[in-house]
Each structure stands twice: as C-alpha cells, then as structure tokens.
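1. The sequence and its predicted three-dimensional model are supplied below.
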Amino acid sequence: MYDEPPVAPPQDPLPIEPPYWFEEALKNTPTSHHLQVMDCDIHYLRWGPRVSDRPGILLIHGASAHAHWWDFIAPFFCNDRPIAAMDLSGMGDSGWRDGYGSEVHVPEIAAVLADAKLGEKPIIVGHSFGGFMTMCYGHAHGAEISGAVIVDSPLRPENRPTGDKSRFFDPPKRPPNRVFTDKEEMIYRFRPIPPQFCDNEYIVEHIARHSLRECEGGYTWKFDPSARVAGLHDEPLEDYLRELPCPKAMIYGEESAIFGPEVVDYMSGIFNSANPMIGIPDAQHHLTMDQPLAFITALRAVFASWDV
C-alpha cells in the first residue's frame, strides 16, 4: 500500500495537529502478542477486557498493511468487549513465508481468535484483502462466528475463478523494498494503494510511522514484496460470501476507486435488509482514513442490528 511520488519532501513540514478524539483513542494502548502458526511468527494487538459476555472482534487489515491501521478504530469498541487486530504473515510485525494464500491465512486467523480469547463466537471485520480472507475464513468456519463485516472488498462477474491457483500459492518473487536513509523522507513518501488523497494527514502519518522498520543502511517497509501479489487468488469468493452461515454486512466508500456503481449494483444481489450494504459518503477505498468516525458509526449500527 505504498507508492513513492517523484518529489522531495519539504524541508520544514508544518506540524500535524490531530483532533481530540484521535489523541484520546491512541491513549488506549493495546498489548502486543506473538504466536507461532505453521512455523511462522504471527503478531497481533489486543484491547479490552480479558473476559466479557459480548462477542469479541477481530480486525484484519488490507494488502501490505498492518494491525496499526486500526489503532484509532478499536478503542471505540473495547469498553465492554475484547478487540484484536492481527498482522497477516508477510505484513506488519509478523514473519515472512515462502508463499501466501488462504491456506496459511485462514489458520493464522483461527489461531489469533483462539489466542486472543475473543469468545465463543467473535465478529470478524476485514478491509480489502482482509475482507477476502474473511470470506475464506467464513467459508471454513462461518458457523463459529457471530458475523462478518467486509469493508470495500469488491467482487465482479469477471473475477469468477478459473481453477488455476498457482498464482496465489506460488506467487512470483519481487525485488526487495527500497532502503531509505532518511526516516522522515520515507514517511513523507508513504502513499496508499490505490492512490488517493487524504485530508486527515495525522492519520496518514500515524500509519506511515508504523509501516517501516530499521534495516541495514537505514529504513524499509515492513511488508514482504512477494506478499503484495497474494491477492491474485482464484477462489470462488462470491460463493463463499453468498453461503456464509452467519450474518454479513458490507461497508464501502462511495468514492472508492475500486468499488464503483457497477460493483455496488452487482454486490447488492448478495446483501439484503438483514445483511446490509452501507456506503460511506466522501470516503474512498481507505475509508477508515477518510471518514473514521462515520465508519465507526456504521459499524456500531451493524452490530446493533445483529444484537451483538
């Protein structure tokens, strides 16, 4: 989720002043946890009580992203229920693998749900690629969750599977990520993919600072470049979504570059009043960056409609 504009950063950037709600959310710091899943280190963050009568929530990031994308969202739900945000393998602070796909990501999700003690029937919220992995998990374990919220993960008729999974489970290797000597320049060059402008610079900066790691010679992005193509899967995701045995909802950005009117029309046949589709106005693909409070409100409305 990173691009590099061919411009130099300003010498003296103006300070970014976050609003009160954002600063208060970040004061609710999560605990950090690691576990081994199929010989790979998997990292997750956890907020909220250790024990609760309400179902917990697992938040799953998009491609090349990480658990800290949810730092300012999770605290709005953790007063009376546990919340976890995980790093899929190849991303964030989790380990890297030789290959990626639902065959490893679904067991990773199951392991985090158990280790984080999110209750008997938790809720899963997945953004973009994380939404696709939520569909895959729901196909295998849908009866074990209270609901699945898919966030701006588009399905189209032309995406129906061909039967060839080789692109997914044996992805082509990509060259290493670029190494930067200047940390602030690297943060300035952070851009989401698909490209979009975001007025909330304080959110972009927060995510960017958690997207890099120290390496020999300076700093580089945390994600495995080969994991970026893991979205080229060939699974019947539409069938998985239609057949989910639990409640489901879709939240999408009304200005999303990948969730246009044709996608809304096509996917509206999968959802209904009990399983709603909710558009967030003035929000693009990364709607938690664009309209975080509207997203939180929509998510609360979904949970209330499910009585969870």
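-> Arrived safely.

2. Same question for the host helix or strand of residue 130: list its buried residues.
-> Element membership of residue 130 [criterion: DSSP states H and E] is helix 129-141. For helix 129-141, the neighbour count (16 or more other CB atoms under 10 Å) marks 129, 130, 131, 132, 133, 134, 135, 136, 137, 138, 139, 141 as buried. All C-beta atoms are positioned from the backbone trio N, CA, C, and that covers glycine.

3. Likewise for stretch 184-204?
-> For stretch 184-204, by 16+ other CB under 10 Å, it's 186-193, 196, 200, 202-204.

4. Pull up the distance across it, start to finish.
-> 13 Å (CA to CA, to the nearest Å).

5. State the mean pLDDT of that stretch.
-> Averaging pLDDT along stretch 184-204 gives 91.

6. Find the residue at the geometric middle of the protein.
-> Centroid check for the chain by CA atoms, centre = their mean gives residue 61 as the closest residue, at 1.5 Å.

7. Roughly how far does that residue sit from residue 138?
-> 17 Å (CB to CB, to the nearest Å).

8. Next: residue 110.
-> 12 Å.

9. again, but for residue 188
-> Counting by CB to CB - residue 188 and residue 138 are separated by 38 Å.

10. quick one: the strands in the stretch 1-150 of the chain?
-> In the stretch 1-150 of the chain, strands defined by DSSP state E, counting those that start in this stretch lie at 31-37, 40-47, 57-60, 83-87, 123-127, 147-151, listed in chain order.

11. In CSV: the ones you listed, plus distance to residue 180, mean neighbour count and mean pLDDT.
-> What follows is the strands of the stretch 1-150 of the chain, written out as CSV (distance: least, CB to CB, whole Å; neighbours: other CB atoms under 10 Å; pLDDT from 0 to 100):
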stretch, distance to residue 180, mean neighbour count, mean pLDDT
strand 31-37, 25, 14, 98
strand 40-47, 23, 22, 98
strand 57-60, 28, 28, 98
strand 83-87, 21, 28, 98
strand 123-127, 26, 28, 98
strand 147-151, 30, 26, 98
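
12. can you put those strands in TSV and add distance to residue 24?
-> Below are the strands of the stretch 1-150 of the chain laid out as TSV (distance: least, CB to CB, whole Å):
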stretch	distance to residue 24
strand 31-37	19
strand 40-47	14
strand 57-60	19
strand 83-87	16
strand 123-127	21
strand 147-151	23
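
13. Was I right to think residue 47 contacts residue 32?
-> No: using CB atoms under 8 Å, residue 47 makes no contact with residue 32, being 11.2 Å away.

14. Contact partners for the closest residue to residue 126 other than its chain neighbours?
-> Using CB to CB, 6 or more residues apart in numbering and skipping the chain neighbours, the partner closest in space to residue 126 is residue 134 (3.4 Å). Contact analysis of residue 134 by CB atoms under 8 Å, 6 or more residues apart in numbering lists 60, 109, 124, 125, 126, 148, 149, 150, 153.

15. Measure how the helix holding residue 130 sits relative to strand 147-151, angle-wise.
-> Relative orientation of helix 129-141 versus strand 147-151 (axes from the mean of the first three to the mean of the last three CA atoms, to 10 degrees): 150 degrees.
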